[in-house]
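Engineer: Can you look at this prediction? I've put the sequence above it.
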Amino acid sequence: MIRFLAISFLASLLLVSCSLKTTEGLRQVHFNKTVVENPYFSNPEIDYVYKAKIEVYKKNFGGILIIKKTGPESHRVVFTTEFGSKLFDFQFEGDTFTKHFIVKDLDKKFIVNILKDDFKLLVNEKAKVLAVYESENQRIYKAQREDRFNFYFIGEESEILQKIVNTSKTKEIVKINFTTSDGKIADTIAIKHSNIKLTIDLEKFKKE
Amino acid sequence: MHNYLLLLVFIVIGGSIQAQETAMNASEIVAFKEKVIVSAKTTKTIKTDFVQYKHLDFLSDDVKTSGKMVFKAPGLVKWEYTNPYQYSVIFKEDQLLINDGGTKSKVDIGNSKLFKKLNQLIVNSVKGNMFSDADFTVTFIKSPKYNKAVFVPKDKKIAGYIASFELLFNKDDAQVYEVKMIEPSQDFTRIVFSNRTLNSPINDSVFSN
C-alpha cells in the first residue's frame, strides 16, 4: 500500500512537471486523420492583405502584412509600412527560407528568427498528426515541428481551425488565434508570444 | 466593322501618343522649375484626397488604401488613411504623431538623419519644390499630359530603400498630382491626388492627435 502510494505520488509529480498546459484536462483519443490542415493561406488566387498592429515591449508599430501562395509549397510574406515601404520580404518554400529583403534596423539574427518562426507557423498548410485530443467542443491535433510541437485546435462541429499553439516539450511558446466567418479566410489573427512581450494583431482588409 | 477597326487603331495610336515621353531641353527645364517654384511659394495650404497603390510583382492586384492629406506651410503635414482602416501620421517639428486606429504613439526623429531627410522629402514633394536638393540627381521629362521629375538618390543608404521616385505635375498649375516611389526590387508605391483645395484656411489644431 505504501509502495503504491509512493509510486502514484511520484508518478503524479512526474506528470505535473512534464505536463503541458496546452493539453491539460484533455483526453487523448484514437484517430484516423493523419494530416491536419491550415486553410487560411492556401488559395493561390487570393491576395491575403491585413492591417497589422505590433506591440513589442509596450512599443507600438503598424503596417500592412501581405501573404500570397506562390507555388504548391511556397508562400511569400511581405510586411510594409502604411506608406508602402517594405520592411521585410520573406519566402517560405517547403523547408527553405529566403530573405528577399529586410530593413537594416530589423536585420538582426534573433528578430529574423522570431519573424521566420511566427510566419512559418502561420502559413504552414499541412502537418502530420502525432496524437489527437478532445475537449468539450474541440478536437486538438498534435504535430511535430523540428524539436517543438504544434497543436491545432479545430471546432468539433464547425471543423474550423480556431487556434494553433506552438510548444516545447513543457512550455507554450506562441499562440495564434483565428476568427473567421466562412472558414476559408481568417478575418482576424492574433499572434501572442508567451516568453517575450510580443503580440501581432492582424485584421483583414475589408472588401470595397 | 471597318469603322470599329479604325476606331481601335485610333485608340491604340492615341494611347501611345498620350504616353509618349521625351526629355526636356535646357530652356524647358528652366521654365518648368520656375513655374513649380512660384506655385510652391504661393501655396500656403493644401487639402487633398489621395489613393495609394502598393504594387508587388507577385500580387494579383495592387494593395489599395486611401484618405486625405493636409499641408500647411512651412512644414506641417498630416496623412490620414480612412479606407480600409483609420490611421494617421502628423509630421510636426521633430516628431511623428501616429494614431493607429486609436492607438497613439510618438516617434522622435530629432536625432535620426535619415528620418529628417525623409520628412523633408515628403514636405518638399507635396509642394513639388525640391530641385535644389543636392542629394538627388534629377531628370526632367515632358509628355502631352504631364511634366515629370525623376529623382535618383546619391546617398547609398537612401538608395538601399528607394531606387528612384517620380513626381508628376499638372501642365497648367504645376501642382504635383502623382508621386511614385520605386524600390530597388522594382516594386513601387504610387500615390494619386485628387480634389485638391489650395490656400483655404487650416487651423493648427488639425495637426494634433
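Structural biologist: Received, thanks.
Engineer: Near chain A, which residues of chain B? Just list them.
Structural biologist: Contact residues, chain B versus chain A (Cβ under 8 Å from any Cβ of the partner chain): B:52, B:54, B:56, B:58-61, B:63-65, B:79, B:81, B:83-85, B:87, B:89, B:98, B:100-101, B:103, B:105, B:160-161, B:181, B:183, B:185, B:187, B:189. The way it works is simple: take the backbone N, C-alpha and C, and place the C-beta from them, glycine included.
Engineer: what distance separates the start and the end of stretch B:55-71?
Structural biologist: Chord length of stretch B:55-71, first to last residue, is 26 Å (Cα to Cα, to the nearest Å).
Engineer: buried set for the longest strand along chain A?
Structural biologist: Among the segments of chain A that qualify as a strand by DSSP state E, the longest is strand A:59-71. Within strand A:59-71, the residues scored as buried using 16 or more other Cβ atoms under 10 Å in any protein chain shown are A:61-69.
Engineer: Show me what that strand is packed against.
Structural biologist: strand A:48-56, strand A:74-80, strand A:86-93, strand B:63-72, strand B:95-100, strand B:103-108 (3 or more Cβ pairs under 8 Å, 6 or more residues apart in numbering or on different chains; DSSP states H and E).
Engineer: ok and the longest one relative to strand A:48-56, angle-wise?
Structural biologist: For strand B:63-72 against strand A:48-56, the angle between stretch directions is 60 degrees (axes from the mean of the first three to the mean of the last three Cα atoms, to 10 degrees).
Engineer: which is the next helix or strand following strand B:63-72?
Structural biologist: Next helix or strand after strand B:63-72 toward the C-terminus (DSSP states H and E): strand B:76-83.
Engineer: Convert the C-alpha atoms of the following helix or strand past that next one to PDB, please.
Structural biologist: Next helix or strand after strand B:76-83 toward the C-terminus (DSSP H and E): strand B:87-92. Provided in PDB are the C-alpha atoms of strand B:87-92 (Å, rounded to 0.1, in the frame of the first residue of the first chain):
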ATOM      1  CA  TYR B  87      -4.500  55.600 -39.500                       C
ATOM      2  CA  SER B  88      -2.900  59.000 -39.300                       C
ATOM      3  CA  VAL B  89       0.600  60.400 -39.200                       C
ATOM      4  CA  ILE B  90       1.400  64.000 -38.400                       C
ATOM      5  CA  PHE B  91       4.800  65.400 -39.200                       C
ATOM      6  CA  LYS B  92       5.400  68.200 -36.700                       C
END
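Engineer: Quick one: mean pLDDT over strand B:87-92.
Structural biologist: The average pLDDT within strand B:87-92 is 90.
Engineer: now it, how far from the chain's geometric center?
Structural biologist: Here the centre of strand B:87-92 is set off from its chain's centre by 16 Å, with Cα atoms, centre = their mean, to the nearest Å.
Engineer: quick revisit: extract the CA atoms of the longest strand of chain A and return them as CSV.
Structural biologist: Output in CSV follows, covering the C-alpha atoms of strand A:59-71 (Å, rounded to 0.1, in the frame of the first residue of the first chain):
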residue,chain,number,x,y,z
LYS,A,59,6.1,49.9,-28.1
ASN,A,60,3.6,50.0,-30.9
PHE,A,61,4.2,49.6,-34.6
GLY,A,62,1.8,49.4,-37.5
GLY,A,63,1.9,48.2,-41.1
ILE,A,64,0.4,46.1,-43.8
LEU,A,65,1.0,42.3,-44.0
ILE,A,66,0.7,40.7,-47.4
ILE,A,67,0.7,37.0,-47.9
LYS,A,68,0.4,35.1,-51.2
LYS,A,69,0.6,31.5,-52.0
THR,A,70,3.1,31.5,-54.9
GLY,A,71,3.6,27.8,-55.6
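Engineer: Quick check: residues of chain A near chain B?
Structural biologist: By Cβ under 8 Å from any Cβ, the residues of chain A that approach chain B are A:45-47, A:49, A:51, A:53, A:59-60, A:62, A:64, A:66, A:68, A:70, A:76, A:78, A:80, A:82-86, A:89, A:100-101, A:103-104, A:203, A:205-206, A:208.
Engineer: Give the buried subset of the residues you listed as a PyMOL selection command.
Structural biologist: Of these, the buried ones go into a single PyMOL selection, burial set by 16+ other Cβ under 10 Å:
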select buried, chain A and resi 47+49+51+53+62+64+66+68+76+78+80+82+83+84+85+86+89+101+203+205
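Engineer: Helix, strand, or coil at the residue in chain B positioned nearest to chain A?
Structural biologist: Residue nearest to chain A within chain B: residue B:189 (3.3 Å; Cβ to the nearest Cβ). What DSSP: H, G, I helix; E, B strand; the rest coil gives for residue B:189 is strand.
Engineer: pretty sure it contacts residue A:82?
Structural biologist: No - between residue B:189 and residue A:82 there is no contact, the gap being 10.5 Å when judged by Cβ atoms under 8 Å.
Engineer: re earlier: partner strands of the longest strand of chain A, with direction?
Structural biologist: Partners of strand A:59-71 in the sheet, by DSSP bridges, are strand A:48-56 (antiparallel), strand A:74-80 (antiparallel).
Engineer: any idea how far chain B is from the residue lying closest to residue A:75 once chain neighbours are set aside?
Structural biologist: If the residues on either side of it in the chain are set aside, residue A:75 comes closest to residue A:123, at 4.3 Å by Cβ to Cβ, 6 or more residues apart in numbering or on different chains. When distance is defined by Cβ to the nearest Cβ, to the nearest Å, residue A:123 is 14 Å away from chain B.
Engineer: Show the pLDDT at residue A:123.
Structural biologist: 97.
Engineer: same question, residue A:134
Structural biologist: Confidence at residue A:134, expressed as pLDDT, is 92.
Engineer: tell me the mean pLDDT for stretch B:67-80?
Structural biologist: 91.
Engineer: so who does residue 38 touch?
Structural biologist: Reading this off chain A. Shown in contact with residue A:38 (Cβ atoms under 8 Å, 6 or more residues apart in numbering or on different chains): A:123-126, A:152, A:161, A:164.
Engineer: that's the other chain; I wanted chain B
Structural biologist: Taking Cβ under 8 Å, 6+ apart, we find residue B:38 in contact with residue B:174.
Engineer: if I look at it, how far off is residue B:143?
Structural biologist: 22 Å (Cβ to Cβ, to the nearest Å).
Engineer: what stretches of the chain score poorly on pLDDT?
Structural biologist: Chain wasn't specified; assuming chain A. Scanning chain A for pLDDT under 70 picks out A:1-19, A:208.
Engineer: Please refer instead to chain B.
Structural biologist: Checking chain B against pLDDT under 70 turns up B:1-19, B:110-119, B:121-123, B:125-129, B:132.
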